[in-house]
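*Asks:* show me how the following folds:
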Amino acid sequence: MKKRFLALAMAATMVAGSLVGCGGNGGSSSDSSSDAVKITIFNSKSEVHDQFLEMAEEYSESHEGVEVEVYMSNDTVAAHLASKYAANEPYTLSMVDAKDVYSLAEDHALDLSDQEWVGHTTQAVSVNDKVYGFPVCVEARGIMYNKDAIEAITGEEFKPEDYATLTAFKGLLDKLVAGGMAAPVGIMKEDWSLAGHFISQVYEEQEDTFAFVDSLYAGEADLANNAKFNSLMDTFDVLKEYNYAKGSEISAERETSEQKLAMGEIAFMFGGNWDWSLLKDFDAPDTMGMMPVPQDMDDGTNTKLVGGGSKYFFIDSSDATSDEQKQAAKDFLNWLVMEPEGNAFLTEKCSLVPAYDNIGADALDPLSKSVKAYADAEALVDNYNYLPDDHYSMIGAKMQEYLSGGIDRAKLADEITSYWKSVTPVER
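*Replies:* From the prediction side, this is the model:
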């Protein structure tokens, strides 16, 4: 179904977020010091922003006549891009979520159907049989574990599949506590983790995700008595019980939690393979991995990670971007997929699981190897790509209240239900 970028209608009232980077905007093809074709990249994936900045410098040096600049914003993607289009300063390349590609595609994105990389992926985003979205990677989420830390205490080989149920998982946590690991779990407080990932899993693991979300919009879903909601919240309660930051949950910094997991001070944390970009800075062991969220349900979801194509590039199709810039942007995307240096940037420097069949996985980090193994086994629950733009912030705030003990489960269910009834449905 055709989507429209509704946020553009209010673009004049939106203020652009702060940018990280240097130089001009997407409407400029050169600057005062160079005749190079300038392409600007909007990066919405903060975990790899430093890598993108470094890549931009190296790519500009190695590709004569091309200058690459990378930017970020603290605003929501929709609001930020709307402000850029309102100012007629679009980025040449924008990295966004799938729903943003669907919203922008026909009005603002370049048709990439004839590009070489299209034949090497099953994850590209198409609208009306035209390819608009270049998949940056495959990502998945679940419970990250430090195998060495677990085995050092239990004296037994850790096999994730042995702890698919919450009952078995809690038994392992008790064993770790008895063995001297006072609090074996870390929980990230960030709204994108609590709401964008954990709570969204409640939607994604329903028997019919789209029908369930429609019932939320209509105010007809009985979330408080929903089996999947309660199953996942049971697991979240166990994670809370063994959280190292219990009592000061909202003060726990993500970097501290990642460090504790890498160093084996804790054994488990809900997250995704993107977390390796931080874990590696603390000499995390290569025996780390990811496992499905344990649940006492028999629907099979406790044997799967949740994931799929994550983040997509589209090329601006407007007159503000010159033909030379559009071609340079196409060349950049093909470089990522078809050239060894581009492959290495994705897999080695950014630790991303490639969405392309011609890119090898030998250089992947431990978490990404786990993701690839589940993906190869077709053991991934599909992402839901149509969350409202403020779902992270609104539901994230309520999850933070729940995490810190400010509200109970019944109140959380009521708040989530009220939120969905109050928002305009996202077209899909």
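*Asks:* drop to CA atoms for contacts and neighbour counts, all remaining ones
*Replies:* Noted.
*Asks:* now do the phi/psi pair for the residue nearest the centre of the chain.
*Replies:* Nearest residue to the geometric centre of the chain (Cα atoms, centre = their mean): residue 310, 6.1 Å. Backbone dihedrals for residue 310, given as degrees, to the nearest 10, come out at phi -140, psi 120.
*Asks:* bridging residues for it?
*Replies:* With DSSP bridges as the criterion, residue 310 is bridged to residue 137.
*Asks:* identify the residues contacting it.
*Replies:* 97-98, 135-139 (Cα atoms under 8 Å, 6 or more residues apart in numbering).
*Asks:* using a markdown table, lay out those residues together with pLDDT.
*Replies:* Output for those, formatted as a markdown table (pLDDT from 0 to 100):
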| residue | pLDDT |
| --- | --- |
| 97 | 88 |
| 98 | 88 |
| 135 | 95 |
| 136 | 95 |
| 137 | 92 |
| 138 | 90 |
| 139 | 90 |
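*Asks:* any idea which helix or strand carries residue 359?
*Replies:* Using DSSP states H and E, residue 359 sits within no helix or strand.
*Asks:* okay, now it: neighbour count?
*Replies:* Neighbourhood size, residue 359 [other Cα atoms under 10 Å]: 20.
*Asks:* got it, and residue 242?
*Replies:* Neighbour tally, residue 242, other Cα under 10 Å: 21.
*Asks:* which residue ranges of the stretch 251-400 of the chain form helices?
*Replies:* With DSSP state H, counting those that start in this stretch, the ranges of helices along the stretch 251-400 of the chain come out as 254-263, 276-279, 323-338, 340-344, 366-376, 391-403.
*Asks:* convert the C-alpha atoms of the first one to CSV, please.
*Replies:* So that's helix 254-263. Only the C-alpha atoms of helix 254-263 are listed here, as CSV (Å, rounded to 0.1, in the frame of the first residue of the first chain):
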residue,chain,number,x,y,z
ARG,A,254,24.6,1.6,29.4
GLU,A,255,28.4,1.7,29.0
THR,A,256,28.7,0.5,32.6
SER,A,257,26.3,-2.4,32.0
GLU,A,258,28.1,-3.3,28.8
GLN,A,259,31.5,-3.3,30.6
LYS,A,260,30.2,-5.5,33.4
LEU,A,261,28.9,-8.0,30.9
ALA,A,262,32.1,-8.0,28.9
MET,A,263,34.2,-8.4,32.0
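*Asks:* use 8 as the first number for this chain going forward.
*Replies:* All right, first residue 8 from here; so that's helix 261-270.
*Asks:* show me what counts as buried in that helix.
*Replies:* 261, 264-270 (16 or more other Cα atoms under 10 Å).
*Asks:* any chance of the residues you listed in CSV, plus pLDDT?
*Replies:* Compiled in CSV, these are given as follows (pLDDT from 0 to 100):
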residue, pLDDT
261, 96
264, 98
265, 98
266, 98
267, 98
268, 98
269, 98
270, 98
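*Asks:* make JSON lines out of those and add distance to residue 430.
*Replies:* Putting these into JSON lines (distance: Cα to Cα, whole Å) gives the following:
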{"residue": "261", "distance to residue 430": "30"}
{"residue": "264", "distance to residue 430": "33"}
{"residue": "265", "distance to residue 430": "34"}
{"residue": "266", "distance to residue 430": "38"}
{"residue": "267", "distance to residue 430": "38"}
{"residue": "268", "distance to residue 430": "37"}
{"residue": "269", "distance to residue 430": "39"}
{"residue": "270", "distance to residue 430": "42"}
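*Asks:* roughly how far does residue 128 sit from residue 299?
*Replies:* Note on residue 128: its distance to residue 299, by Cα to Cα, to the nearest Å, is 25 Å.
*Asks:* the two: which has the busier surroundings?
*Replies:* Legend: neighbour count by other Cα under 10 Å for residue 128 and residue 299, higher for residue 299 (25 against 15).
*Asks:* count of neighbours near residue 418?
*Replies:* Neighbour tally, residue 418, other Cα under 10 Å: 14.
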